[in-house]
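Participant: okay, sequence plus prediction incoming.
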Amino acid sequence: MFDAFKNKYDRTPAGEESRVPPGQYVTEKFPVLHYGTVPMYEDVAATWDLRAFGTISEPVTLDFVTFRNLPTITVTTDIHCVTRWSKLDTVWEGVQFKEFLKHIPAIDSSTRYLIAHCEQGFTTNIPLAVLMADDAMLAYKYEGAELTPEHGYPLRLLTPGKYFWKSAKWLRGLEFSAHDKLGFWERYGYNNNADPWKEERYAE
């Protein structure tokens, strides 16, 4: 399964080996991997919103327009998939996660984790500390254009320090929590920590 998206044109350019975690190969493509069907929105401004809840002073729901009016950043980063491909110098635009926290009710000091809730019932869990990195964001543009539906339109997480399944697509809810809760793939045997540099692909 790991070699399903690799072909003779995928390689690690000379001098870039230090940017590629063990067991990974570099690709110029952007493979599509996901659970469930691809959500489609006929009127995203009217039907999409983002809910924040859990260990927060009060739950809040941001509609599409409100969210899109938040300050944005652009980051260039490498991404690494558990299926062994890496893509270098990808460019993303969206709301930096720590900036997003400034625009919602205060989270409780006990908060240590975030559980991402997505379309199709998909979830994944991320330590809050990971999301406080400068390049962690709620992303809605890739390479200067809106995300395609296959890559998470209208919103996905971007957590470059983890294998890419942690950058959950089709985001609809952010659950703040004092305790860790395994997400969809974590319950099915993927490693909870998901550090590509340690090859944390599967639970032991």
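Facilitator: Thanks, I have it. Quick caveat, the model's predicted, so the values are computed rather than measured.
Participant: from Pro127, how far off is Asp195?
Facilitator: Relative to Pro127, Asp195 is positioned 11 Å away (CB to CB, to the nearest Å). To be clear about C-beta, it is placed using only N, CA and C from the backbone, and glycine gets the same treatment.
Participant: again, but for Asp49
Facilitator: Asp49 is 25 Å from Pro127, by CB to CB.
Participant: which residues of this structure fall in helices?
Facilitator: Assigned helices in the chain, in chain order: 44-47, 64-68, 97-100, 128-131, 184-187 (criterion: DSSP state H).
Participant: reformat those as CSV; add mean neighbour count, distance to Leu114 and mean pLDDT.
Facilitator: Listed next are those as CSV, based on neighbours: other CB atoms under 10 Å; distance: least, CB to CB, whole Å; pLDDT from 0 to 100:
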stretch, mean neighbour count, distance to Leu114, mean pLDDT
helix 44-47, 12, 23, 96
helix 64-68, 15, 16, 98
helix 97-100, 18, 9, 98
helix 128-131, 18, 6, 96
helix 184-187, 18, 13, 94
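Participant: for Thr111, find the nearest of the ones you listed.
Facilitator: Checking the helices of the chain against Thr111 by CB to CB gives helix 128-131 as the closest, at 5.8 Å.
Participant: from the middle of its chain, how far away would the closest one be?
Facilitator: Centroid separation for helix 128-131 versus its chain: 12 Å, with CA atoms, centre = their mean, to the nearest Å.
Participant: thought Val32 was touching His151?
Facilitator: Yes: judged on CB atoms under 8 Å, Val32 makes contact with His151 at a distance of 7.0 Å.
Participant: in the chain, which residue is most central in space?
Facilitator: Nearest to the geometric centre of the chain sits Ser167, at 1.5 Å (CA atoms, centre = their mean).
Participant: does it touch Ile79 like I think?
Facilitator: Yes: using CB under 8 Å, Ser167 is in contact with Ile79, at 7.3 Å.
Participant: now do the shared contacts for the two.
Facilitator: Pro160 (CB atoms under 8 Å, 6 or more residues apart in numbering).
Participant: so Lys141 makes contact with Val95?
Facilitator: No: assessed by CB under 8 Å, Lys141 is found out of contact with Val95, at 10.9 Å.
Participant: the more surrounded of these two?
Facilitator: Neighbour totals were compared for Lys141 and Val95, and Val95 leads with 22 against 15 (other CB atoms under 10 Å).
Participant: quick check: the more buried one vs Pro154, distance?
Facilitator: Distance of Val95 to Pro154, given as CB to CB: 12 Å.
Participant: contacting residues for Ala203?
Facilitator: By CB under 8 Å, 6+ apart, Ala203 lies in contact with Glu186, Gly189, Tyr190, Asn191, Asn192.
Participant: typed the wrong thing, it's Tyr35
Facilitator: Gln120, Phe122, Phe184, Trp185.
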